[in-house]
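# No letters, just coordinates:
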């Protein structure tokens, strides 16, 4: 993710912040400009809803355009202090564009559920940001979400996707429970954001390939035949997971079925984009040590790289960018080990996986282009 500055005092602020710790101004995130802005109350507004303007400090560089229209807070901020996304003052909705995607939330009167729900919504807003940067938010169809809790005597809530609806068990917001499940399933990595990225991959599989025979045939050449019985494939995977997956798949779970290979690869595409954008925002440079000595590297903003894609719609090779992402992950993992933590990104990308990630990227490009041409 890019870095943000308070528009009032220019101190660094973060995506999840509600106020600037330096100057005290309240903060809000404008999902249309994808900018974090400091806020001041609007005056002389004939409305019972509190409205806000962007606070612009005396040192602001006026070459940088800021959103100036009056804003209102998301209803989830007003009621629970749970969201920092803004809406235009004249928006007919009470909830922000991210919170409106959530259709069901748990019983917030039950101890622990409010905190769990807020944690999941925070992760979902980060997902929203990356999808918006890719051009996928704001299109005709976007994901919907149910955040549910297990109820004694009923079947457990299963995290998954079906017909455009992504379900997340709020137990995944508990670090200890999530770690227990990760160990029980022999997974090297399990995060809320990872769940959301994986499941939204299933959502976009439907958008990209259903009804698009040419794209579907290309998918089958890269990932395999999705017509294989899904339930049988998963049962086979859990009974006897493949041990030879490292050469062709991003994870063991990706071997279970072509759909899961796609969703796992999609999730890692989003992981690496976010990682690279963050590294570039901090102007990260480093060197990797190989047989020829140290090789200097400079983190590159993936979205600047994507902007150089061929105008004729032909595929863009992002292999070099993905290799750079693996270099950044190497630094990240080494820093984690220095602090006694496990690897933050415990994966390696074999050459076939790089090809799959490039395929995901070019499917995103094609879908966004087709939607733009239809609008």
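Structure's in. What do you need? These figures come from a predicted structure and were not determined experimentally.
# quick one: the helices in the stretch 201-350 of the chain?
213-223, 230-239, 258-281, 302-306, 319-338 (DSSP state H, counting those that start in this stretch).
# With distance to residue 354 and mean neighbour count as new columns, can the ones you listed be given to me in a markdown table?
C-betas here are computed from N, CA, C, even on glycine. Formatted as a markdown table, the helices of the stretch 201-350 of the chain follow (distance: least, C-beta to C-beta, whole Å; neighbours: other C-beta atoms under 10 Å):
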| stretch | distance to residue 354 | mean neighbour count |
| --- | --- | --- |
| helix 213-223 | 12 | 14 |
| helix 230-239 | 23 | 13 |
| helix 258-281 | 10 | 23 |
| helix 302-306 | 14 | 17 |
| helix 319-338 | 5 | 16 |
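# So which of the ones you listed is nearest residue 199?
Proximity to residue 199 (C-beta to C-beta) singles out helix 258-281 among these, at 7.3 Å.
# Can you list phi and psi of residue 311 for me?
The phi/psi pair for residue 311 (degrees, to the nearest 10) reads phi -70, psi -20.
# Find the helix or strand that residue 28 is a member of.
strand 27-30 (DSSP states H and E).
# Let me see the residues that make contact with that strand.
Residues outside strand 27-30 that contact it (C-beta atoms under 8 Å, 6 or more residues apart in numbering) are 6, 13, 15, 17-20, 35-39, 52, 67, 71, 73, 84-86, 125.
# Helices - which of those residues land there?
Among the contacts of strand 27-30, the members falling in helices are residue 125 (criterion: DSSP state H).
# quick one, what contacts the residue nearest to residue 35 when sequence neighbours are not counted?
Closest residue in space to residue 35, ignoring its immediate chain neighbours: residue 67 at 6.3 Å, by C-beta to C-beta, 6 or more residues apart in numbering. Residue 67 makes contact with 30, 32, 33, 35, 37, 54 under the criterion C-beta under 8 Å, 6+ apart.
# which residues in the stretch 151-300 of the chain form strands?
160-162, 165-169, 285-290, 293-298 (DSSP state E, counting those that start in this stretch).
# how about stretch 43-60: buried residues?
For stretch 43-60, burial by neighbour count (16 or more other C-beta atoms under 10 Å) applies to 51, 52, 53, 54, 55, 60.
# quick revisit: for the strands of the stretch 151-300 of the chain, which one sits closest to residue 218?
strand 160-162 (21.7 Å).
# Provide the strand pairings for that closest one, with the direction of each partner.
Sheet pairing of strand 160-162 (DSSP bridges) gives strand 165-169 (antiparallel).
# Return a PyMOL selection command for the buried portion of the contacts of strand 27-30.
Burial among the contacts of strand 27-30 is assessed by 16+ other C-beta under 10 Å; the matching PyMOL selection reads:
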select buried, resi 6+13+15+17+19+20+35+36+37+38+39+52+67+71+73+84+85+86+125
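# measure residue 78 to residue 160 for me?
32 Å (C-beta to C-beta, to the nearest Å).
# Pull up the gap between the spatially most central residue of the chain and residue 267, please.
In the chain, the residue lying closest to the centroid (C-alpha atoms, centre = their mean) is residue 127, at 2.7 Å. Distance, residue 127 to residue 267, by C-beta to C-beta: 10 Å.
# shared neighbours of those two, which are they?
Common neighbours of residue 127 and residue 267 (C-beta under 8 Å, 6+ apart) are residue 197.
# so how far is residue 139 from the residue nearest to residue 35?
21 Å.
# Who does residue 294 form a beta bridge with?
The partner residues for residue 294, given DSSP bridges, come to residue 289.
# Can you get me a residue count around it?
Close neighbours of residue 294, defined as other C-beta atoms under 10 Å, add up to 10.
# cool, residue 282 as well?
Using other C-beta under 10 Å, residue 282 is surrounded by 11 other residues.
# need the contact list for it.
So residue 282 contacts 3, 299 (C-beta under 8 Å, 6+ apart).
# List just the one of the helices of the stretch 201-350 of the chain that sits closest to residue 135.
The nearest among those, by C-beta to C-beta, is helix 302-306 at 9.6 Å.
# From what I see, residue 333 and residue 343 are in contact.
Yes. Between residue 333 and residue 343 a contact is recorded at 4.1 Å, counting by C-beta atoms under 8 Å.
# shared neighbours of those two, which are they?
Counting by C-beta under 8 Å, 6+ apart, nothing touches both residue 333 and residue 343.
# Just list what the host helix or strand of residue 361 packs against, helices and strands only.
Here residue 361, judged by DSSP H and E, is contained in helix 351-374. Judged by 3 or more C-beta pairs under 8 Å, 6 or more residues apart in numbering; DSSP states H and E, helix 351-374 is in contact with helix 192-209, helix 213-223, helix 258-281, helix 319-338.
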